[in-house]
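S.K.: fold the following and give me the result.
(one chain, ligands or ions: 2)
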Amino acid sequence: MASAKDIKLPADHLAHQVSRSLGLSTSPSAAFHSPPSSFGAPISHGSAISATTKHLKPFATEDVKILLLENVNQTGRDILAGQGYQVEFLKTSLPEDELIEKIRDVHVIGIRSKTKLTARVLKEARNLIVIGCFCIGTNQVDLKYAADHGIAVFNSPFSNSRSVAELVIAEIVALARQLGDRSNEMHNGIWNKVSNKCWEIRGKTLGIIGYGHIGSQLSVLAEAMGMSVIYYDVVNLMAMGTTRQVSTLEDLLHDADFVTCHVPELPETENLIGQQQFEHMKTGSYLINASRGSVVDIPALIQAMRSGKIAGAALDVYPNEPAGNGDYFQNDLNTWCTDLRGLKNIILTPHIGGSTEEAQCAIGIEVSQALVKYVNEGTTLGAVNLPEVGLRSLTMDEPNHARVIYIHQNIPGVLRKVNEILGDHNVDKQMTDSRDDVAYLMADISDVDTVTIKELYERLESLSCTIDLSSLEKTGTLTLLQHE
Ligand SMILES: NC(=O)C1=CN([C@@H]2O[C@H](COP(=O)(O)OP(=O)(O)OC[C@H]3O[C@@H](n4cnc5c(N)ncnc54)[C@H](O)[C@@H]3O)[C@@H](O)[C@H]2O)C=CC1
Ligand SMILES: O=C(O)C(=O)COP(=O)(O)O
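M.R.: Ligands and ions are numbered 1, 2, ... in the order given. Take a look at the predicted model:
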């Protein structure tokens with residue numbers, strides 16, 4: 001589990017420990033007066049009990065180290081700092097080598113869409129127990145590697161959906177009226193009053209690819225403005241209003257005046273819109289992409305716009321994006337940048353679909369609260385890569401309780417072995433669930449003292465389904481949480 005080698009455990013307290021002793025890591029707390037030295041490199045974090053909330057809080061929360069990248073909103077920073085965690089905040093993402101240096105030390109990392117947490121990076125993250133994606137997309141994280149190593153991942157599934165939908169509405173109108181070009185001309189002192197190929201959007205057909213949170217929200221707004229809406233999705237979904245699902249992408253491309261992409265980054269969505277798809281689109285139609293840069297083949301788009309097939313486009317996302325504000329968007333980033341910038345009626349925005357005060361505020365709160373619940377209580381509700389397990393918080397009315405969290409390979413026989421050990425104690429409540437190869441067990445045990453806890457820990461740690469710390473292979477992860 002997450003070993004915080006340099007964390008000091010207060011000598012005379014019941015500590016909640018995060019221990020990576022089983023080779024993996026995860027979650028917060030194990031209760032011991034002091035960590036036996038044989039526990040590999042356990043980290044303690046924990047504080048006793050919050051008298052105000054009456055909920056258990058790990059003490060020494062100040063031992064928990066959090067790295068927040070990419071300008072995570074103040075609301076999130078405040079919630080995490082309010083817990084007493086050590087929070088380091090950076091406005092930008094980091095180059096991979098710097099990221100690896102920093103991630104070695106932290107128990108929690110908060111990122112947005114830019115930071116790539118690949119297996120290579122996560123392999124170095126020996127103390128990491130949880131990742132917070134302060135955004136919707138989680139494609140930037142190797143979710144499977146994280147799950148296999150007991151690292152939970154949380155995101156904010158819909159806090160910025162409305163912001164993206166509103167931006168797309170603005171872009172539909174702006175493209176139909178060539179607003180970008182007219183505005184640029186005026187900035188250059190040129191008066192160019194034209195109506196040629198400028199349109200109302202009323203009565204036009206909007207084709208939405210990916211009818212999830214954003215796509216469906218967008219359809220409501222578009223219908224309210226008099227558009228007729230069709231959508232294509234790989235699953236059958238309930239149509240909002242009078243929208244209509246079409247059975248193939250080609251059907252959508254044939255019929256739509258405006259095509260907009262709202263799919264996740266997946267192998268199947270890479271270059272979902274390329275040369276062939278542009279050929280299926282109506283002459284004079286428009287393309288919008290505010291999903292991920294991999295979804296549209298940009299050289300093919302440039303070609304389609306130069307040929308007049310596509311009358312305008314709006315792009316918010318790109319295969320390679322600069323690390324921070326002020327960085328250049330030019331050919332050393334993507335070879336076609338100059339060509340793209342030279343086109344007429346193309347709106348280029350710097351990945352701002354979800355960048356509104358409302359969305360960032362809500363995301364900051366939602367994700368940091370999930371992180372706190374996970375770090376302090378082991379609750380995985382809302383996790384995108386682990387089974388969702390949660391028991392109500394332990395309270396001060398339940399002294400001498402311990403919470404056991406055990407993340408293990410989903411193989412036959414593990415539960416029997418774990419319950420043989422737990423069965424010697426009074427198990428108040430227990431919940432377990434699995435997701436693919438990984439299973440997550442949470443149990444609250446009453447009437448335990450610190451000696452029992454230590455013994456429990458050792459017995460669970462020695463189970464064969466747990467993995468040797470040094471091997472860092474697939475593992476079981478154990479956490480115990482207790483209050484006085
Ligand atoms: N530009 C920005 O700032 C933002 C971009 N995004 C991006 O937008 C994406 C979509 O967001 P949500 O609507 O919240 O996701 P969602 O998960 O609610 O919906 C995605 C939909 O796409 C469908 N889908 C998946 N593969 C498909 C395929 N091959 N063809 C057609 N449909 C397919 C899914 O079935 C689902 O209904 C996110 O994954 C993220 O990458 C999200 C927020 C902000
Ligand atoms: O929420 C998402 O998936 C987004 O693409 C927004 O990303 P951002 O938080 O602006 O880096």
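
S.K.: so where's the protein uncertain?
M.R.: 1-59, 396-399, 464-484 (pLDDT under 70).

S.K.: from memory Y232 sits against V246, does it?
M.R.: Yes - with contact taken as Cβ atoms under 8 Å, Y232 and V246 are classed as touching, separated by 5.5 Å. The way it works is simple: take the backbone N, C-alpha and C, and place the C-beta from them, glycine included.

S.K.: only alpha carbons, please: show stretch 289-303 as PDB.
M.R.: Extracted in PDB, the C-alpha atoms of stretch 289-303 (Å, rounded to 0.1, in the frame of the first residue of the first chain):
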ATOM      1  CA  ASN A 289     -15.300  19.000 -31.900                       C
ATOM      2  CA  ALA A 290     -15.200  19.700 -28.100                       C
ATOM      3  CA  SER A 291     -14.600  16.100 -27.100                       C
ATOM      4  CA  ARG A 292     -11.000  15.000 -27.500                       C
ATOM      5  CA  GLY A 293      -8.300  15.900 -30.100                       C
ATOM      6  CA  SER A 294      -8.000  12.300 -31.200                       C
ATOM      7  CA  VAL A 295     -11.600  12.100 -32.500                       C
ATOM      8  CA  VAL A 296     -11.200  14.200 -35.600                       C
ATOM      9  CA  ASP A 297      -8.500  13.700 -38.300                       C
ATOM     10  CA  ILE A 298      -7.300  17.300 -38.600                       C
ATOM     11  CA  PRO A 299      -5.400  17.100 -41.900                       C
ATOM     12  CA  ALA A 300      -8.600  15.600 -43.400                       C
ATOM     13  CA  LEU A 301     -10.600  18.500 -41.900                       C
ATOM     14  CA  ILE A 302      -8.200  21.000 -43.400                       C
ATOM     15  CA  GLN A 303      -8.600  19.300 -46.800                       C
END
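
S.K.: for ligand 1, tell me whether it is touching it.
M.R.: Yes - applying Cβ under 6 Å from any ligand atom, one finds stretch 289-303 touching ligand 1 at 290-292.

S.K.: now distance to H280 and secondary structure too, for those, in JSON lines please.
M.R.: JSON lines is the format used below for the residues of stretch 289-303 next to ligand 1 (distance: Cβ to Cβ, whole Å; DSSP: H, G, I helix; E, B strand; the rest coil):
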{"residue": "A290", "distance to H280": "21", "secondary structure": "coil"}
{"residue": "S291", "distance to H280": "19", "secondary structure": "coil"}
{"residue": "R292", "distance to H280": "21", "secondary structure": "coil"}
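
S.K.: with distance to ligand 2 as extra columns, can I get these in CSV?
M.R.: Below are the residues of stretch 289-303 next to ligand 1 laid out as CSV (distance: Cβ to the nearest ligand atom, whole Å):
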residue, distance to ligand 2
A290, 8
S291, 8
R292, 7
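
S.K.: and this protein, which of its residues are near ligand 1?
M.R.: Checking the chain against ligand 1 by Cβ under 6 Å from any ligand atom, the hits are 136-137, 160-161, 164, 209-215, 232-235, 262-266, 268-269, 290-292, 316-317, 351, 353-354.

S.K.: in ChimeraX, select just the buried ones from those.
M.R.: The ChimeraX selection below is limited to those of the residues of the chain next to ligand 1 classed as buried (16 or more other Cβ atoms under 10 Å):
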select :136,137,160,161,164,209,210,211,212,213,214,215,232,233,262,263,265,269,290,291,292,316,317,351,353,354
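
S.K.: strands - which of the residues of the chain next to ligand 1 land there?
M.R.: 209, 232 (DSSP state E).

S.K.: so which of the residues of the chain next to ligand 1 sit within helices?
M.R.: 161, 164, 213-215 (DSSP state H).

S.K.: would you mind measuring from the residue in the stretch 151-300 of the chain positioned nearest to ligand 1 to S291?
M.R.: With Cβ to the nearest ligand atom, the shortest gap between the stretch 151-300 of the chain and ligand 1 falls at G212, namely 1.7 Å. According to Cβ to Cβ, to the nearest Å, G212 stands 10 Å off from S291.

S.K.: name the residues contacting each of those two.
M.R.: Residues within reach of G212 and of S291 at once, by Cβ atoms under 8 Å, 6 or more residues apart in numbering, are H262.

S.K.: what comes up buried for stretch 272-288?
M.R.: By 16+ other Cβ under 10 Å, the buried positions in stretch 272-288 come out as 272-274, 277-278, 280-282, 285-288.

S.K.: and these as JSON lines, adding distance to ligand 2 and secondary structure?
M.R.: Output for the buried residues of stretch 272-288, formatted as JSON lines (distance: Cβ to the nearest ligand atom, whole Å; DSSP: H, G, I helix; E, B strand; the rest coil):
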{"residue": "L272", "distance to ligand 2": "16", "secondary structure": "coil"}
{"residue": "I273", "distance to ligand 2": "18", "secondary structure": "strand"}
{"residue": "G274", "distance to ligand 2": "21", "secondary structure": "coil"}
{"residue": "Q277", "distance to ligand 2": "22", "secondary structure": "helix"}
{"residue": "F278", "distance to ligand 2": "24", "secondary structure": "helix"}
{"residue": "H280", "distance to ligand 2": "27", "secondary structure": "helix"}
{"residue": "M281", "distance to ligand 2": "24", "secondary structure": "coil"}
{"residue": "K282", "distance to ligand 2": "28", "secondary structure": "coil"}
{"residue": "S285", "distance to ligand 2": "25", "secondary structure": "strand"}
{"residue": "Y286", "distance to ligand 2": "21", "secondary structure": "strand"}
{"residue": "L287", "distance to ligand 2": "18", "secondary structure": "strand"}
{"residue": "I288", "distance to ligand 2": "14", "secondary structure": "strand"}
